[in-house]
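*Asks:* for reference, the sequence and a predicted model appear below.
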Amino acid sequence: MSTCRQVAARMVAPGKGVLAADESIGTMSARLTTAGVEPTPENRRAYREMLAATPGLADGVSGIIFCDETLHQRFADGRPFADAVRALGILPGIKVDAGAKACPGLPGEKITEGLDGLVERLAGYAELGAAFAKWRAVITITDELPTAAGIRANAHALARYAAACQEAGIVPIVEPEVLMDGTHSLRRCAEVTARVHAAVVAELAALSVDPAGIVLKPNMVIEGADHPERSAPEQVAEATVDVLSALPTDLAGVAFLSGGQPPERATANLAAMQVHRTPWPVTFSFGRALVDPALAAWAGDPARVADGQAALAERVAANAAAVRRRAELQPA
Ligand code: 5MM
């Protein structure tokens with residue numbers, strides 16, 4: 001089995017998911033400021049060490065996605081982040097996209113940048129110890145959007161990134177995120193997500209990306225944040241699994257983003273997915289739904305590191321329990 005296949009299988013091992021702690025400097029600084037913490041490089045470092053050093057984290061987390069700044073930082077004891085988390089039994093990952101920017105020619109749509117120099121950057125990240133990478137494409141729903149061209153451009157960039165990762169021996173997390181922003185219905189999200197997945201699958205195949213050596217990180221199929229109704233977990237799960245049924249059966253696994261859902265709702269939806277038979281594991285790669293309670297509990301106070309870690313451990317345990325339902329509901 002190739003290295004990518006082995007690592008991808010480990011990332012979605014039973015009862016485990018991936019922690020997304022890869023906020024760019026701008027996003028992380030804004031979140032620290034909101035939490036009353038000065039957004040300095042040292043505070044960003046201390047926050048990521050607080051998360052990564054959570055006792056028992058490896059029981060429910062197979063990997064942590066970091067951003068470039070963190071991968072060049074060190075734990076307080078001097079060890080580089082990648083080495084420190086590997087020693088804890090956790091795979092280090094790296095966000096390699098350069099962010100979603102306004103797409104020329106496609107008003108209202110975004111294209112994720114970062115392909116220039118990617119091959120060289122991946123080689124550098126491999127030397128720093130990264131086992132996997134992440135690239136996030138964002139798709140906006142309105143009455144008119146997304147366009148076919150917007151979907152195709154983002155799917156193509158995701159495939160270019162994934163092919164480069166596999167050539168570098170790094171597992172690509174492929175993240176096509178259909179945003180929750182807006183008033184759209186669950187049905188409209190399903191229609192758009194299906195179009196996006198079809199384009200991503202076609203572009204990945206065109207560039208000979210090995211499905212068994214990637215982890216797909218999609219949105220759940222869910223109504224927009226400003227839609228007047230809230231779907232039940234069973235409705236979200238049924239619609240999501242229905243859309244996912246078009247994916248290759250030899251995919252290593254699916255690890256959902258949380259997309260701005262309240263933490264408990266994301267967990268309930270993930271648990272409801274496990275009732276459905278899928279050819280691949282279905283787990284979590286949440287950012288906000290895992291770390292928001294931890295950031296609030298820590299609030300930049302060295303005396304409250306244990307509080308932040310307890311908050312993260314509680315969310316990880318809940319999500320790990322959700323995905324462990326699969327083994328109970330679907331015995332081999
Ligand atoms: C943690 O946030 C990630 C990076 O965001 P920016 O580059 O915009 O700062 C983000 O890609 C994240 O990994 C995914 O969106 C999933 O996070 P959520 O919070 O949606 O689960």
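*Replies:* All right, it came through fine. Numbering: from 1, shown residues only.

*Asks:* my guess is residue 242 contacts residue 190. True?
*Replies:* Yes: counting by Cβ atoms under 8 Å, residue 190 is a contact partner of residue 242 at 7.1 Å. Yep, even glycine has a C-beta here, placed from its N, CA and C like the rest.

*Asks:* okay, and the common contacts of these two?
*Replies:* residue 221 (Cβ atoms under 8 Å, 6 or more residues apart in numbering).

*Asks:* got the residue ranges for the helices in the stretch 101-250 of the chain?
*Replies:* Using DSSP state H, counting those that start in this stretch, the helices found in the stretch 101-250 of the chain span residues 118-128, 148-167, 186-206, 233-244.

*Asks:* columns mean neighbour count and mean pLDDT on top of those helices, output as CSV?
*Replies:* Below are the helices of the stretch 101-250 of the chain laid out as CSV (neighbours: other Cβ atoms under 10 Å; pLDDT from 0 to 100):
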stretch, mean neighbour count, mean pLDDT
helix 118-128, 16, 98
helix 148-167, 21, 98
helix 186-206, 19, 98
helix 233-244, 20, 98
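
*Asks:* got JSON lines for those, with distance to residue 290 too?
*Replies:* Conversion of the helices of the stretch 101-250 of the chain to JSON lines gives the following (distance: least, Cβ to Cβ, whole Å):
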{"stretch": "helix 118-128", "distance to residue 290": "23"}
{"stretch": "helix 148-167", "distance to residue 290": "23"}
{"stretch": "helix 186-206", "distance to residue 290": "22"}
{"stretch": "helix 233-244", "distance to residue 290": "18"}
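
*Asks:* quick one: closest of these to residue 226.
*Replies:* Among the helices of the stretch 101-250 of the chain, the nearest to residue 226 by Cβ to Cβ is helix 186-206 (12.6 Å).

*Asks:* quick one, that closest one and helix 233-244 angle?
*Replies:* Angle of helix 186-206 versus helix 233-244, following axes from the mean of the first three to the mean of the last three Cα atoms, to 10 degrees, is 30 degrees.

*Asks:* just the angle for helix 186-206 relative to helix 148-167, thanks.
*Replies:* 50 degrees.

*Asks:* if you count contacts, what does helix 186-206 end up packed against?
*Replies:* helix 148-167, strand 171-178, helix 233-244 (3 or more Cβ pairs under 8 Å, 6 or more residues apart in numbering; DSSP states H and E).

*Asks:* of all these, which lies closest to the ligand?
*Replies:* strand 171-178 (5.8 Å; Cβ to the nearest ligand atom).

*Asks:* partner strands of that closest one, with direction?
*Replies:* With DSSP bridges as the test, strand 171-178 is paired with strand 132-139 (parallel), strand 215-216 (parallel).

*Asks:* got JSON lines for these, with mean pLDDT too?
*Replies:* What follows is those, written out as JSON lines (pLDDT from 0 to 100):
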{"stretch": "strand 132-139", "mean pLDDT": "99"}
{"stretch": "strand 215-216", "mean pLDDT": "99"}
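
*Asks:* out of these, deepest packed?
*Replies:* Highest mean neighbour count among the strands paired with strand 171-178 (mean count of other Cβ atoms under 10 Å): strand 215-216, with a mean of 28.

*Asks:* could I get the contacting residues of the residue nearest to residue 195 when sequence neighbours are not counted?
*Replies:* For residue 195, ignoring the flanking residues on the chain, the nearest one in space by Cβ to Cβ, 6 or more residues apart in numbering is residue 151 at 5.9 Å. By Cβ under 8 Å, 6+ apart, the residues touching residue 151 are 139, 195-196, 199.

*Asks:* separation between residue 151 and residue 177?
*Replies:* Distance of residue 151 to residue 177, computed by Cβ to Cβ, to the nearest Å: 12 Å.

*Asks:* quick check: neighbours shared by those two?
*Replies:* By Cβ under 8 Å, 6+ apart, the residues touching both residue 151 and residue 177 are residue 139.

*Asks:* residue 270 reaches residue 318, doesn't it?
*Replies:* No: contact criterion Cβ under 8 Å: residue 270 and residue 318 do not qualify, at 9.2 Å.

*Asks:* so which of the two has more stuff around it?
*Replies:* residue 270 (30 against 20; other Cβ atoms under 10 Å).

*Asks:* secondary structure class for that one?
*Replies:* What DSSP: H, G, I helix; E, B strand; the rest coil gives for residue 270 is helix.

*Asks:* give the burial count for the residue in the stretch 201-332 of the chain positioned nearest to the ligand, as a bare number.
*Replies:* Across the stretch 201-332 of the chain, the shortest distance to the ligand (Cβ to the nearest ligand atom) belongs to residue 287, at 2.8 Å. By other Cβ under 10 Å, the residues close to residue 287 number 19.

*Asks:* what residues are up against the residue nearest to it when sequence neighbours are not counted?
*Replies:* Leaving aside its sequence neighbours, residue 287 sits nearest to residue 20 (Cβ to Cβ, 6+ apart; 3.6 Å). Contact analysis of residue 20 by Cβ under 8 Å, 6+ apart lists 65, 134, 257, 285-287, 290-291.
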